[in-house]
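Enquirer: missing the sequence, but the structure's below:
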RNA sequence: CGGGGAGUGGCGCAGUCUGGUAGCGCACCCGGCUGGGGGCCGGGCGGUCGCAGGUUCAAAUCCUGUCUCCCCGACCA
């Protein structure tokens, strides 16, 4: 039993002035978390209970697939990271000890675990190995944001798999994927897994687990049977209306240096225009990308499509090539690449002269897909919608990205030395908590899924200290606890409104109100936090069982 | 890193333009009333006005520097 009079639960009537995201506001208001610095948060007792609930669910599902829990240090010798090549990451916290030795704060633990497994495992007989831990991560984020959604220090469950080959990795990957499905289901979240970008570091496959909500940092493209991060999603765009024949040749377009202005002055759909996006790459030099005026470049897709990194061209480079900002178009000597949604036909492009555009005929040449998909696009005839989501977990086929530099090898049956094939699998418990707040909160506050609520039942004892209702609430609480429920008892000497309002803010799934009015009939009032209708009152006689039953029926 | 905004009691804010020694609501403490939706009355506690320097008889207010935090973007292995 937790008595509210013992608990540090600093609820606030007003959200912090600088909070933007709903989960940020509510988690602070409900007394779950407090900020220490930018991206640095303390978990107060009630919030930590939620975090621990999530951790326990994750732990159980990891154990269930045969993964073994361990613990590796946050502070790590820099040398391991120098070997893996990750020492240069800007987000990496770097420090020195008193002897001047270089150390880092691990932002994940591939290096450390690969180091251990490389030393401990020599034979194919010892593979596969599935391992995980919950450990603090340090990440010097350029921009921490939205309360606990993006922080510079946080606890992550990071898991790893070591296999002898790709086939083995596939099996391990599927085990973790299954465990993840169960974790997010059990946490009561609305979620889906999406294909994700494997990044420049390579890797042969990756999925992200996404919890849709407005505060999400990722945009996800969804259609029946299809889900992908917009960083990789590809789709068919609805065709743009044809450019009227009346518009042709050279066009005097004074001041129309933006797509909107140009489309408006010509009276045509923005899709009839081509937008130019000049970039420079290592192997190609300056290239101009063209996509429909109503489309946007998706930079991750672009890098993948190009097969190399790129940067926007600089003003002097444009000038040297004769490209004119605001009126840019194809030009002799500058390679042009068209987006896949630019179907052959007539388009308005810049004439590379200030205040002039022209109509060109685009043929059926080579295309790359580098535009961002938009709501209304289709995949195999199914309409896509794009929505924001929080990334709550990811699974990633690493391959030999770490086993190679860190020499994690084993001997196969033939005595040949071979590289272990790895996977990594992350979950952020804090993000799961924040996502649950985002997804289920209403105007009164948080509404926890049963599985991760800080307590199972919130007993509100009305009346003054010493009154009969207080004693009844105490007795009821003890009985519920004996029956296996975790109960928060509001035993404060506060007004009814304050107690009920705080209960709704905190969001425990089942609330029981003990007051003299209902006690006269030998019952307490029950209300589910989610859904507004009162449940049937619960008779004090046999309450433990009845309440447990009610609780089991909640979401 | 670029753009924008903000630092005044635990929280939310006013005061800054026009310099005169800090105020409001909530919270908190004491007393009393009330006791099923943040109730009422009375009395209180609490602030180096982010920090440093400067101007001035006098600085929350003007000047210079600096730190911190938030939002948008970039970045996010």
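Expert: Now that the structure is in, tell me what you want to look at. Please read all numbers here as calculations on a predicted model, not as lab measurements. Numbers count the residues shown, from 1 in each chain, chains lettered A, B, ... in the order given.
Enquirer: any idea of the mean pLDDT in the longest strand that chain A contains?
Expert: Identified as the longest strand of chain A according to DSSP state E is strand A:385-399. Strand A:385-399 carries an average pLDDT of 91.
Enquirer: elements contacting the following helix or strand past that strand?
Expert: Using DSSP states H and E, the helix or strand that follows strand A:385-399 in sequence is strand A:409-411. Contacts defined by 3 or more CB pairs under 8 Å, 6 or more residues apart in numbering; DSSP states H and E place strand A:409-411 against strand A:417-419. From N, CA and C alone the C-beta is placed, and that goes for glycine too.
Enquirer: Direction included, what does the strand it packs on pair up with?
Expert: Strand A:417-419 has the following strand partners under DSSP bridges: strand A:409-411 (antiparallel).
Enquirer: what about residue A:206, is that helix, strand or coil?
Expert: strand (DSSP: H, G, I helix; E, B strand; the rest coil).
Enquirer: which residues touch it?
Expert: Residue A:206 makes contact with A:195, A:196, A:197, A:198, A:394, A:395, A:396, A:397, according to CB atoms under 8 Å, 6 or more residues apart in numbering.
Enquirer: likewise residue A:392?
Expert: Taking CB under 8 Å, 6+ apart as the contact definition, residue A:392 lies against A:184, A:189, A:191, A:209, A:210, A:211, A:427, A:428, A:431, A:432, A:435.
Enquirer: Also residue A:459?
Expert: Here residue A:459 is in contact with A:473, A:476, A:477, A:480, A:487, A:488, A:489, A:490, A:511, A:512, A:514 (criterion: CB under 8 Å, 6+ apart).
Enquirer: Can you spell out which residues form a bridge with it?
Expert: Here residue A:459, judged by DSSP bridges, has bridge partners residue A:489, residue A:512.
Enquirer: any idea how far it is from residue A:537?
Expert: Going from residue A:459 to residue A:537 by CB to CB, to the nearest Å gives 14 Å.
Enquirer: now residue A:496
Expert: In this view, residue A:496 and residue A:537 are 17 Å apart by CB to CB.
Enquirer: ok, these two, which is more surrounded?
Expert: Neighbours were counted for residue A:496 and for residue A:537 using other CB atoms under 10 Å; residue A:537 has more, 16 against 12.
Enquirer: Do me a favour and average the pLDDT over stretch A:423-438.
Expert: Stretch A:423-438 shows a mean pLDDT of 94.
Enquirer: Is any residue of it near RNA strand B?
Expert: No: Stretch A:423-438 is not in contact with RNA strand B by CB under 7 Å from any atom of the strand; minimum separation 8.2 Å.
Enquirer: Okay, buried residues for that stretch please.
Expert: Buried residues in stretch A:423-438, counted by 16 or more other CB atoms under 10 Å: A:423-438.
Enquirer: Could you tell me which of these belong to helices?
Expert: If you go by DSSP state H, these have A:429, A:430, A:431, A:432, A:433, A:434, A:435, A:436, A:437, A:438 in helices.
Enquirer: which ones are touching the fourth one?
Expert: Read it as residue A:432. Counted by CB under 8 Å, 6+ apart, residue A:432 has contacts A:54, A:184, A:187, A:189, A:211, A:392, A:452.
Enquirer: Distance of the last one relative to residue A:32?
Expert: Applying CB to CB, one obtains 12 Å for the distance of residue A:452 from residue A:32.
Enquirer: Mind checking which of these two has more residues around it?
Expert: Higher neighbour count among residue A:452 and residue A:32: residue A:32, with 32 against 24, using other CB under 10 Å.
Enquirer: Next, give phi and psi for the more buried one.
Expert: Main-chain torsions, residue A:32, degrees, to the nearest 10: phi -90, psi -40.
Enquirer: sec struct for residue A:352, please.
Expert: Three-state assignment for residue A:352 (three-state DSSP): strand.
Enquirer: To clarify, my last question referred to residue A:311.
Expert: What three-state DSSP gives for residue A:311 is strand.
Enquirer: Without its sequence neighbours, what residue ends up closest to residue A:440?
Expert: Spatial nearest neighbour of residue A:440, chain neighbours left out: residue A:447 (4.3 Å); criterion: CB to CB, 6 or more residues apart in numbering.
Enquirer: per-residue confidence for the one you found?
Expert: According to the prediction, residue A:447 has pLDDT 94.
Enquirer: picking that back up, find residues that contact each of residue A:452 and residue A:32.
Expert: residue A:50.
Enquirer: quick one on the thing from earlier: narrow the contacts of residue A:432 to those in helices?
Expert: If you go by DSSP H, the contacts of residue A:432 have A:54, A:184 in helices.
Enquirer: Output the below-cut-off pLDDT ranges for the stretch 101-250 of chain A.
Expert: Within the stretch 101-250 of chain A, the ranges that satisfy pLDDT under 70 run A:199-204.
Enquirer: residues from the stretch 251-400 of chain A in reach of RNA strand B?
Expert: Residues of the stretch 251-400 of chain A lying close to RNA strand B (CB under 7 Å from any atom of the strand) are residue A:299.
Enquirer: Mind telling me which residue of the stretch 251-400 of chain A is nearest RNA strand B?
Expert: In the stretch 251-400 of chain A, the residue that lies nearest RNA strand B is residue A:299 (5.3 Å; CB to the nearest atom of the strand).
Enquirer: From RNA strand B, how far out is residue A:39?
Expert: For residue A:39, the distance to RNA strand B equals 6 Å [CB to the nearest atom of the strand, to the nearest Å].
Enquirer: what residues are up against that residue?
Expert: Here residue A:39 is in contact with A:141, A:144, A:150, A:151, A:152, A:153 (CB under 8 Å, 6+ apart).
Enquirer: Could you check how many residues crowd around the second one?
Expert: In other words, residue A:144. When neighbours are counted by other CB under 10 Å, residue A:144 registers 21.
Enquirer: just the last one next, same as before
Expert: For residue A:153, the neighbour count with other CB under 10 Å is 19.
Enquirer: Mind jotting down where the helices sit in the stretch 1-150 of chain A?
Expert: Taking DSSP state H, counting those that start in this stretch as the test, the helices found in the stretch 1-150 of chain A are A:22-29, A:45-64, A:78-84, A:110-120.
Enquirer: Nearest to residue A:332, out of the ones you listed?
Expert: Comparing the helices of the stretch 1-150 of chain A by their distance to residue A:332 (CB to CB), the top pick is helix A:78-84, with 45.6 Å.
Enquirer: buried stuff in that closest one?
Expert: A:78, A:80, A:81, A:83, A:84.
Enquirer: One more: stretch A:361-376?
Expert: For stretch A:361-376, using 16+ other CB under 10 Å, the buried residues are A:362, A:368, A:369, A:370, A:371, A:372, A:373, A:374.
Enquirer: Report how many residues lie close to the nearest residue in space to the third one that is not next to it in sequence.
Expert: Excluding its sequence neighbours, the residue lying closest to residue A:369 (CB to CB, 6+ apart) is residue A:340, at 4.1 Å. Neighbour count of residue A:340, defined by other CB under 10 Å: 16.
Enquirer: if I read this right, residue A:340 contacts residue A:368, doesn't it?
Expert: Yes: Residue A:340 lies in contact with residue A:368 (CB atoms under 8 Å); the separation is 6.6 Å.
Enquirer: Return the residues of the stretch 51-200 of chain A in contact with RNA strand B.
Expert: Residues of the stretch 51-200 of chain A found near RNA strand B (CB under 7 Å from any atom of the strand) are A:85-86, A:88-91, A:108, A:141-146, A:199-200.
Enquirer: Buried ones among those residues?
Expert: A:86, A:108, A:141, A:144, A:146.
Enquirer: and which of those is nearest residue A:166?
Expert: Using CB to CB, those come closest to residue A:166 at residue A:108, 22.0 Å.
Enquirer: Residue A:492 contacts residue A:499, doesn't it?
Expert: Yes: contact criterion CB under 8 Å: residue A:492 and residue A:499 qualify, at 6.7 Å.
Enquirer: Comparing the two, which shows the higher neighbour count?
Expert: residue A:499 (20 against 17).
Enquirer: now for the helix or strand that contains that one, which elements pack on it?
Expert: Assigned by DSSP H and E, residue A:499 belongs to helix A:496-506. Contact here means 3+ CB pairs under 8 Å, 6+ apart; on that basis helix A:496-506 packs against strand A:457-461, strand A:487-490.
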